[in-house]
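Participant: Take this sequence and fold it.
(one chain, ligands or ions: 3)
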Amino acid sequence: MNEKTWSAVDDYIVDNLLPADTVLEAALRSNRSGGLPAIDVSPAQGKLLYLLARMNRAKRILEIGTLGGYSTIWLARALPKDGSLVTLELDPHHADVARVNFKVAGFADLIDLRVGPALQSLEALGAEKSAPFDLVFIDADKPNNPNYLAWAMRLSRPGTVIVCDNVIRDGAVLDESGRDPNVEGARAAFSFLAKEAGLEGTAIQTVGAKGYDGFAIAIVGQ
Ligand code: SAH
Ligand code: DHB
Ligand code: MG
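Facilitator: Ligands and ions are numbered 1, 2, ... in the order given. Alright, predicted model coming up:
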C-alpha cells in the first residue's frame, strides 16, 4: 500500500460520493493560480466537515486558518440561511484570494473573514460576547493549537464540536524529541485534549490524496 493507492482510493470516493462541483473546483484553481500552498483539506475531508456541521445543526461556525477558503465554503454550505461563519486568516494575500472565492460561491454575506493574527481576532471575538459557536475548525499555525483549543472552549457551549486538523503528520506525532514546531503543535493538541476534563475527544488517522495525516475531534461537555 502506498500513496498512489491512497490517492486512487480518494479518487474513487470522490467519483462515487462527491458530484462534480464547479464552485469548489474554481476555488481550488484560484488558490493555485494565486500561489497559495496546496494545503486545503481534501474534497472528502471537506465533505466530512460539512457533514459534521449538518449533524450538529450548526448555525454558527468558527474557523481558524482560512487559506483560500476551500474548507470555509464546505462549512458555509452546511449553514441555514440565517447562519454565520467567522474565519480567521493571518496572511492578507490568502484573505484576498478567499474573499473572491466566497463571492463566487455566493457566501460573501454569510462569511465574516477577519484578517490578522488569530489570537488577536479571538480576543476581539471574546470581547464581542456573541452567541457561542456550534462547531470550531482549527487549521492554522500548529504551535498555537493549545491556545486555539482554549479559545474554542471559551467560545463554545455544551455540545459544540471542535475539529483540529493535522495532528498525525506522517506519524511524526510519535516523535517526542523532534523539534519540528508543527509536530510539537500536534503533540500539544493531544496533551490539551488529554488533560481537559471539559472535552471528550479522539483522533483519526487519514490517508488519501493529501498523504498521511489525521485530525482530532472533540465535543464540549457540561
Ligand atoms: N483551512 C484551510 C487551510 C488552512 S492552511 C483549508 O482547508 O482550505 C493554514 C492557514 O493558516 C494559512 O492560510 C496561514 O496563513 C494561516 N495562519 C498561519 N498562522 C496564522 C495565525 N497566527 N493566525 C491566523 N491564521 C494563520
Ligand atoms: C500544513 C498545514 C495544513 O493545514 C495542512 O492541512 C497540511 C500541511 C503545513 O503547514 O505543512
Ligand atoms: Mg490543515
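
Participant: drop to CA atoms for contacts and neighbour counts, all remaining ones
Facilitator: Noted.

Participant: so residue 67 is in which element?
Facilitator: Using DSSP states H and E, residue 67 sits in no helix or strand.

Participant: What helix or strand is the residue positioned nearest the centre of the chain located in?
Facilitator: The residue lying closest to the centre of the chain (Cα atoms, centre = their mean) is residue 137, at 3.9 Å. Take DSSP H and E as the rule and residue 137 turns out to sit in strand 135-138.

Participant: Check which helices and strands that strand is in contact with.
Facilitator: Helices and strands touching strand 135-138, as assessed by 3 or more Cα pairs under 8 Å, 6 or more residues apart in numbering; DSSP states H and E, comprise strand 60-64, helix 145-154, strand 161-165.

Participant: Now do that strand: distance to the chain's middle.
Facilitator: Computed by Cα atoms, centre = their mean, to the nearest Å, the chain-centroid distance of strand 135-138 equals 6 Å.

Participant: before we move on, the earlier item: who touches the residue nearest to the centre of the chain in this structure?
Facilitator: 61-64, 162-165 (Cα atoms under 8 Å, 6 or more residues apart in numbering).

Participant: Go again with 6 Å.
Facilitator: Contacts for residue 137 (Cα atoms under 6 Å, 6 or more residues apart in numbering) come out as 63, 163.

Participant: That one bridge partners, please.
Facilitator: Beta-bridge partners of residue 137, counted by DSSP bridges, are residue 63, residue 163.

Participant: pLDDT wise, what is it at?
Facilitator: pLDDT recorded at residue 137 is 99.

Participant: Export only the CA atoms of stretch 123-137, formatted as PDB.
Facilitator: Taking C-alpha atoms only, stretch 123-137 is exported to PDB below (Å, rounded to 0.1, in the frame of the first residue of the first chain):
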ATOM      1  CA  GLU A 123      -9.600  38.200  21.800                       C
ATOM      2  CA  ALA A 124     -11.800  40.600  19.900                       C
ATOM      3  CA  LEU A 125     -14.400  37.900  19.300                       C
ATOM      4  CA  GLY A 126     -14.400  37.100  23.000                       C
ATOM      5  CA  ALA A 127     -15.000  40.800  23.800                       C
ATOM      6  CA  GLU A 128     -18.000  40.800  21.500                       C
ATOM      7  CA  LYS A 129     -19.800  38.400  23.700                       C
ATOM      8  CA  SER A 130     -21.600  36.900  20.700                       C
ATOM      9  CA  ALA A 131     -23.600  33.600  20.900                       C
ATOM     10  CA  PRO A 132     -21.400  30.500  21.200                       C
ATOM     11  CA  PHE A 133     -20.200  28.600  18.200                       C
ATOM     12  CA  ASP A 134     -21.700  25.200  17.400                       C
ATOM     13  CA  LEU A 135     -18.600  24.000  15.500                       C
ATOM     14  CA  VAL A 136     -15.000  25.100  15.500                       C
ATOM     15  CA  PHE A 137     -12.400  24.000  12.900                       C
END
